[in-house]
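J.: Here is the input, now give the coordinates:
(one chain, ligands or ions: 1)
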Amino acid sequence: MKKIITYGTFDLLHYGHIQLLKRAKALGDYLIVGLSSDEFNKLKGKKSVLSYQERVDLLSAIKYIDEIIPENNWEQKSRDVINNNVSIFVMGDDWKGQFDDLSEYCDVLYLERTPEISSSSIKQNILNKEKLIKM
Ligand code: C2G
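T.: Below you'll find the predicted structure:
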């Protein structure tokens, strides 16, 4: 069984995330997602709208994902790769080069990020609409 792993916050799930997960799963037979905990998001300087458990519930409905593990720190990736016998580590190319050290344990692949959409742009659009309604 060829295992793939990827990591992220996956807040306000959108098709950019789905495209990443779809392509990652297509590389093997089993996709593990390291989902950033609320505490780790603080370390990343990110405040997600949805809690960790809400994000777990959303990702659990996605057919491409076989397993979800918590991402609690930057350092756990190599251990996750070894402990789960992962063949390929995948991230969007906004992270290109950041995790090349993992090539000691598995293949490292950066996939093209889906343009124009992001959790922050979704949040901003909602805020802008709220402002328009209040005018
Ligand atoms: N992504 C994408 N296209 C987008 C938005 C996101 O391909 N339009 C990808 C990102 O490149 C990443 C994944 O979807 O591979 C999850 O994105 P985020 O939830 O923003 O993850 P991030 O906060 O970058 O956390 O240790 C790694 C970090 O946990 C990654």
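J.: who's in contact with the host helix or strand of Ser121?
T.: According to DSSP states H and E, Ser121 maps onto helix 119-134. Contact with helix 119-134 is made by Thr9, Asp11, Leu12, His14, Ser48, Val49, as judged by Cβ atoms under 8 Å, 6 or more residues apart in numbering. For glycine as for every other residue, the C-beta is placed from the backbone atoms N, C-alpha and C.
J.: Buried residues of that helix, list them for me.
T.: Ser119, Ile122 (16 or more other Cβ atoms under 10 Å).
J.: Let me see the contact set for the residue in the chain positioned nearest to the ligand.
T.: Using Cβ to the nearest ligand atom, the closest approach of the chain to the ligand is made by Gly92 at 1.8 Å. Counting by Cβ under 8 Å, 6+ apart, Gly92 touches Gly16, Leu20, Tyr110, Leu111, Glu112, Arg113.
J.: Pick out the most distant pair among these.
T.: Spatial extent of the contacts of Gly92 (Cβ to Cβ) is set by the pair Gly16 and Tyr110 at 14.4 Å.
J.: burial measure for Trp95, as a count.
T.: Residues contacting Trp95 under the criterion other Cβ atoms under 10 Å number 15.
J.: isn't it right up against Leu109?
T.: No: with contact defined as Cβ atoms under 8 Å, Trp95 does not count as touching Leu109 (10.8 Å).
J.: returning to that earlier point: what is the nearest of the contacts of helix 119-134 to Tyr64?
T.: His14 (14.6 Å).
J.: Need the phi and psi values for that closest one.
T.: Dihedral angles of His14 (phi, psi; degrees, to the nearest 10) stand at phi -140, psi 180.
J.: got a list of what the nearest residue to it once chain neighbours are set aside touches?
T.: The shortest distance from His14 to any non-neighbouring residue, by Cβ to Cβ, 6 or more residues apart in numbering, is to Ile117 (5.2 Å). Residues in contact with Ile117 (Cβ under 8 Å, 6+ apart) are His14, Tyr15, Gly16.
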